[in-house]
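J.: no FASTA, just this:
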């Protein structure tokens, strides 16, 4: 069924919940997991960073991403699931677009992705990487949201690949 899963992660609660779901599926299906973290420079663009501090902040984001991947991979390995990690620095590409590109390269059969469930103006202002992934993915997408956002469309769902 699904033997190659791509799981984009950040340090958010929805991402952690998606990782838990991916691990459960991987154990049941004897699938491998590729964890993906994209260094998101959009957080730097909103700050008042100088060129010198930008480099320092970018290095910090890279190190945090590497640590995040290491921490996320450890329990997956302990569960006996094959896992690999990928850190992507793509300052000129949005996170969702990067995830879709990496899913194609990896030939992912399923993407398991956390979503914040933003709606309305917040989604317009902040964008929705999960929505982009669902619309452009080469594989089915399992969206996992925070149960605290009950009633939103983000709690769970599978988006069909375009």
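T.: Nice, thanks for sending it over. Values in this document were obtained by computation on a predicted structure and should not be read as measured data.

J.: what comes up buried for the helix or strand harbouring residue 23?
T.: Taking DSSP states H and E as the criterion, residue 23 maps to helix 13-29. Going by neighbour count (16 or more other Cβ atoms under 10 Å), the buried part of helix 13-29 is 14, 15, 17, 18, 19, 21, 22, 23, 25, 26. Where you see a C-beta, it was placed from the backbone N, CA and C, and this is true even at glycine.

J.: wait, what's in contact with the residue nearest to residue 31 when sequence neighbours are not counted?
T.: The shortest distance from residue 31 to any non-neighbouring residue, by Cβ to Cβ, 6 or more residues apart in numbering, is to residue 3 (4.8 Å). Counting by Cβ atoms under 8 Å, 6 or more residues apart in numbering, residue 3 touches 29, 30, 31, 32, 109.

J.: ok so, going back, next secondary structure after the helix holding residue 23?
T.: strand 32-39.

J.: Going along the chain, name the strands of the protein.
T.: Applying DSSP state E to the chain gives strands spanning 4-8, 32-39, 83-89, 110-115, 141-145, 156-159.

J.: So what's the model's average confidence on the last one?
T.: Per-residue pLDDT over strand 156-159 has a mean of 49.

J.: Equivalent analysis for the first one, please.
T.: pLDDT averaged over strand 4-8 equals 98, rounded to a whole number.

J.: so that strand versus helix 13-29, what angle?
T.: 170 degrees (axes from the mean of the first three to the mean of the last three Cα atoms, to 10 degrees).

J.: between the helix ranked longest in the chain and strand 4-8, how big is the angle?
T.: As assigned by DSSP state H, the longest helix anywhere in the chain is helix 51-78. Going by the same axes, to 10 degrees, helix 51-78 is angled at 140 degrees with respect to strand 4-8.

J.: which parts of helix 51-78 are buried?
T.: 57, 58, 61, 65, 68, 69, 72, 73, 76.

J.: can I assume the fifth one is in contact with residue 8?
T.: No - Residue 68 sits out of contact with residue 8 when judged by Cβ atoms under 8 Å, with a separation of 11.3 Å.

J.: anything in contact with each of the two?
T.: Jointly contacting residue 68 and residue 8 under the rule Cβ under 8 Å, 6+ apart are residue 37.
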